[in-house]
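Q: sequence below, structure please.
(2 chains)
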2 protein chains.
Amino acid sequence: MHRFFVDDVPADEVILGGDQSRQIATVLRLDPGDRIVVIAGGSEHEVELTAVDAGRVSGRVVERRAVRTEPPFGLTLAIPLLKADRSEEIIEAASQLGVSRFVPFVSSRSVVKELSGAKLERWRRIAQESAETARRGVIPGIEPAVDWAALADRLTGTVLVCWEEAREPHLASLAHAEDCSLVIGPEGGLAPDEVAIVTARGARTVSLGPRNLRSETAAIAAVSIVVSGMDRQPTSR
Amino acid sequence: MHRFFVDDVPADEVILGGDQSRQIATVLRLDPGDRIVVIAGGSEHEVELTAVDAGRVSGRVVERRAVRTEPPFGLTLAIPLLKADRSEEIIEAASQLGVSRFVPFVSSRSVVKELSGAKLERWRRIAQESAETARRGVIPGIEPAVDWAALADRLTGTVLVCWEEAREPHLASLAHAEDCSLVIGPEGGLAPDEVAIVTARGARTVSLGPRNLRSETAAIAAVSIVVSGMDRQPTSR
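A: Just a heads-up that it's a prediction; the model follows:
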């Protein structure tokens, strides 16, 4: 069944417009009587369509249930702005894997220094589509880009910096029964004085193993490792 | 220092030709006296160049050392042929992360059914470049594609099938102190009767968590989880 995120938890009736009604009417070609799933506030609402038009689709809620696909803890991913479509590759994969929030940043060795409004919007669409694909209950948020000096203020929970110069501990060896923020370096790596700024604020440096990983591989690997730890916690939803 | 894989372990003198001499002379513009690293048979050989020409580069070995970046166990990744460049994304990331061998396959729900010789060659170049980037000691091999019925014969060690219909065990909960093969399904998933063929041969089905992952995300996540387990074994090199 096709899934659509909406802003507000629906009462008995659901009205969709814009891209969503257009997709239902002209791309998916659904009819009254067909069902879709509408997601809001961590709940899924199974909806039977009552009227379908490209400009407006209506339906009524026939069943509600909690979404059971969210990791039990929050995971923030701080990602550098990368060349080509490498950042989009991270957002697509990490949104499927369960990241709650992205904080893009620029550091001293970053090659790409600016995130345009158009690109930010595009990234938000990718995050939403990936969350729908993954059958998640929330869309990961993507914040405007910040400079390295401002990054620490935006991170929550245990802050782990994946740094190629850290030989230990391995990221996988740390406990994951808590909210966490992961920081991944840009193409040229993080400078030691940059790392010192965040470790002075309580962040820990961690290793992803002895191989040299590209930024996008490191980001997807780190999220995979942390989420697999979260999923296996006994307190897991 | 730039890294080059060669077929044979060099004695005192190293001769490079073809793409490698061309890259050294015309792209990197190295001169006699500059150093490169030549990798063969799991060892690194630091080489001081003695003559540089686009058609032929020579140098002498000034230091040898073991490569310490290989995972302590073999990891085979069985991947479906995917649309667009999704397979290449897997090969690039998984080669950095430490996979030893790829076995591409076609199953009943595969959209892409054939792997051309040109594409196989391209994948092998990507695997080599990614292994160089990661500073690995070996280039992961990529075998010609096989049908699902022939796949089990090509897999070694513990065979784990990442299957979206498996609710447990989680891949991360299995011990990893041994050689392992991971199998990832195509866009449309693996059919139950296909899974039955390999489980009858001793394979286990495993979960990557409750979210629905695209094939390429599942492949990179699964490799990340297994390699992080291997890297942390006490027998680790």
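Q: could you use CA atoms for every contact and neighbour count after this?
A: Noted.
Q: show me which residues of chain A sit near chain B.
A: Contact residues (CA under 8 Å from any CA of the partner chain) of chain A with chain B: A:68-70, A:93, A:96-98, A:133-136, A:170, A:172, A:208-214, A:217, A:220-222, A:224-225, A:228-229, A:231-232.
Q: buried ones among the residues you listed?
A: Among the residues of chain A next to chain B, the ones that count as buried by 16 or more other CA atoms under 10 Å in any protein chain shown are A:68-70, A:93, A:96-98, A:133-136, A:170, A:172, A:208-214, A:217, A:220-222, A:224-225, A:228-229, A:231-232.
Q: low-confidence ranges, chain A, go.
A: Scanning chain A for pLDDT under 70 picks out A:175, A:234-237.
Q: residue boundaries of the helices in it?
A: Ranges of helices within chain A are A:18-22, A:86-97, A:117-133, A:148-151, A:192-199, A:215-231, based on DSSP state H.
Q: now render the ones you listed as a markdown table, adding distance to residue B:76.
A: Rendered in a markdown table, the data for the helices of chain A read as follows (distance: least, CA to CA, whole Å):
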| stretch | distance to residue B:76 |
| --- | --- |
| helix A:18-22 | 42 |
| helix A:86-97 | 22 |
| helix A:117-133 | 27 |
| helix A:148-151 | 39 |
| helix A:192-199 | 35 |
| helix A:215-231 | 17 |
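Q: wait, which of the ones you listed is closest to residue B:199?
A: Closest approach to residue B:199 among these is made by helix A:215-231 (23.5 Å; CA to CA).
Q: for that closest one, name the packing helices and strands.
A: Using 3 or more CA pairs under 8 Å, 6 or more residues apart in numbering or on different chains; DSSP states H and E, the elements in contact with helix A:215-231 are helix A:86-97, strand A:180-184, helix B:86-97, helix B:215-231.
Q: tell me which of those lies nearest to residue A:78.
A: That would be strand A:180-184 among the helices and strands packed on helix A:215-231, by CA to CA, at 4.7 Å.
Q: work out the gap between that closest one and the centre of the chain.
A: 12 Å (CA atoms, centre = their mean, to the nearest Å).
Q: run the angle between it and helix A:215-231 for me.
A: 160 degrees (axes from the mean of the first three to the mean of the last three CA atoms, to 10 degrees).
Q: got the CA coordinates for strand A:180-184 in CSV?
A: Taking C-alpha atoms only, strand A:180-184 is exported to CSV below (Å, rounded to 0.1, in the frame of the first residue of the first chain):
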residue,chain,number,x,y,z
CYS,A,180,23.6,9.7,19.8
SER,A,181,25.1,12.1,17.3
LEU,A,182,27.6,10.9,14.7
VAL,A,183,30.0,13.2,13.0
ILE,A,184,31.7,12.3,9.7
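Q: only the buried residues of that strand, if you could.
A: For strand A:180-184, the neighbour count (16+ other CA under 10 Å) marks A:180-184 as buried.
Q: same check on stretch A:86-105?
A: A:87-105.
Q: so residue A:22 touches residue A:54, yeah?
A: Yes. Residue A:22 lies in contact with residue A:54 (CA atoms under 8 Å); the separation is 4.3 Å.
Q: anything in contact with each of these two?
A: Taking CA atoms under 8 Å, 6 or more residues apart in numbering or on different chains as the contact rule, residue A:22 and residue A:54 have no neighbour in common.
Q: starting at the chain centroid, how far to stretch A:69-78?
A: 8 Å.
Q: what sits up against that stretch?
A: Contacts for stretch A:69-78 (CA under 8 Å, 6+ apart): A:98-105, A:135-138, A:155-156, A:177-184, A:223, A:227, A:230-231, A:235-237, B:210-211.
Q: try it again at 7 Å.
A: A:98-105, A:135-137, A:178-184, A:227, A:230-231, A:236-237, B:210-211 (CA atoms under 7 Å, 6 or more residues apart in numbering or on different chains).
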